[in-house]
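Visitor: here are the coordinates; sequence isn't available:
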């Protein structure tokens, strides 16, 4: 176990964390960035990024994240492959403990821990997690090749996942609790134009159905 100190300690390695690191490094503050559980954040599991300035065509999320990290390292950011499990913000320097057992301190802490998948919060969801229930289409889509799948939600993430899965699964049903989507209009247009996607409005999933042996999802109710 070791201790690491920096003038600026950054938690999270997604776009926000890397941006903070780039600015801090250019100000000669010698930042240290702790990558976290999912290095690169949610952008690493995003396929087509179409709203990033400077690119006329869609670019791949993992590639864009690699460029951000490379830029942050190039200007002097020190990356640490660890995940912070606790932090004390009551006094300076701020103290943090990593999952590795290493400790970290910083005169300033920038918290960029980002977003996480939004789950339904039902018991059957936990039961079949990893056995047909997933929060990442690009990670697990291969396992659903040629099968019927359901996507729950109405925002950008849900719509983009449904479009992605339509290229893998035999049929995609998008279930949304409201009568309109929150997703960007251009994403909605692509969704509605895909013949493999059907939409169920004004509906909430109460239970995920499945088999016990071997464990696997068979449907939703």
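Guide: Looks like it came in fine. None of these values were measured; they are calculated from a predicted model.

Visitor: using the three-state scheme, assign the nearest residue to residue 97 once chain neighbours are set aside.
Guide: Sequence neighbours aside, residue 86 is the residue nearest to residue 97 in space, at 4.8 Å (criterion: Cβ to Cβ, 6 or more residues apart in numbering). The C-beta positions use only the backbone N, C-alpha and C, and glycine is treated the same way. For residue 86, the assignment made with DSSP: H, G, I helix; E, B strand; the rest coil gives strand.

Visitor: helices and strands of this structure: which one has the lowest mean pLDDT?
Guide: Scoring the helices and strands of the chain by mean pLDDT, DSSP states H and E places strand 48-49 at the bottom, with a mean of 84.

Visitor: just how off-centre is that one within its chain?
Guide: 14 Å (Cα atoms, centre = their mean, to the nearest Å).

Visitor: let me see the domain layout of this structure.
Guide: By the record's domain assignment, the chain is partitioned as 3-111, 123-220 (automatic domain parsing).

Visitor: could you dump those domains to a markdown table with distance to residue 117 and mean neighbour count?
Guide: Listed next are those as a markdown table, based on distance: least, Cβ to Cβ, whole Å; neighbours: other Cβ atoms under 10 Å:
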| stretch | distance to residue 117 | mean neighbour count |
| --- | --- | --- |
| domain 3-111 | 9 | 17 |
| domain 123-220 | 3 | 16 |
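
Visitor: about what we covered before: residue 129 versus the residue nearest to residue 97, what's the distance?
Guide: Going from residue 86 to residue 129 by Cβ to Cβ, to the nearest Å gives 25 Å.

Visitor: likewise residue 169?
Guide: For residue 169, the distance to residue 129 equals 19 Å [Cβ to Cβ].

Visitor: next helix or strand past the biggest helix by length in the chain?
Guide: Longest among the helix segments of the chain by residue count, using DSSP state H, is helix 61-74. Proceeding N to C from helix 61-74, the next assigned helix or strand is strand 78-80, under DSSP states H and E.

Visitor: quick one: strands adjacent to that next one?
Guide: As defined by DSSP bridges, the strand partners of strand 78-80 come to strand 32-34 (parallel).

Visitor: contact partners of the strand it pairs with?
Guide: For strand 32-34, contacts defined as Cβ atoms under 8 Å, 6 or more residues apart in numbering pick out 4, 6, 8-13, 17-18, 21, 72, 77-80, 82-84, 96, 98, 104, 106.

Visitor: likewise for stretch 96-105?
Guide: Applying Cβ under 8 Å, 6+ apart, the external contacts of stretch 96-105 come out as 1-6, 9, 11, 32, 34, 80, 82-88, 93-95, 106, 109.

Visitor: which residues does residue 59 bridge with?
Guide: residue 49.

Visitor: leaving out sequence neighbours, find the closest residue to residue 72.
Guide: Excluding the flanking residues, the one nearest residue 72 by Cβ to Cβ, 6+ apart is residue 21, at 4.2 Å.

Visitor: phi and psi next, for that neighbour.
Guide: Reported as degrees, to the nearest 10, the phi and psi values for residue 21 are phi -70, psi -40.

Visitor: wait, what's in contact with it?
Guide: The neighbours of residue 21, taking Cβ under 8 Å, 6+ apart as the test, are 10, 31, 33, 72, 77.

Visitor: relative to residue 153, how far out is it?
Guide: For residue 21, the distance to residue 153 - Cβ to Cβ - is 31 Å.
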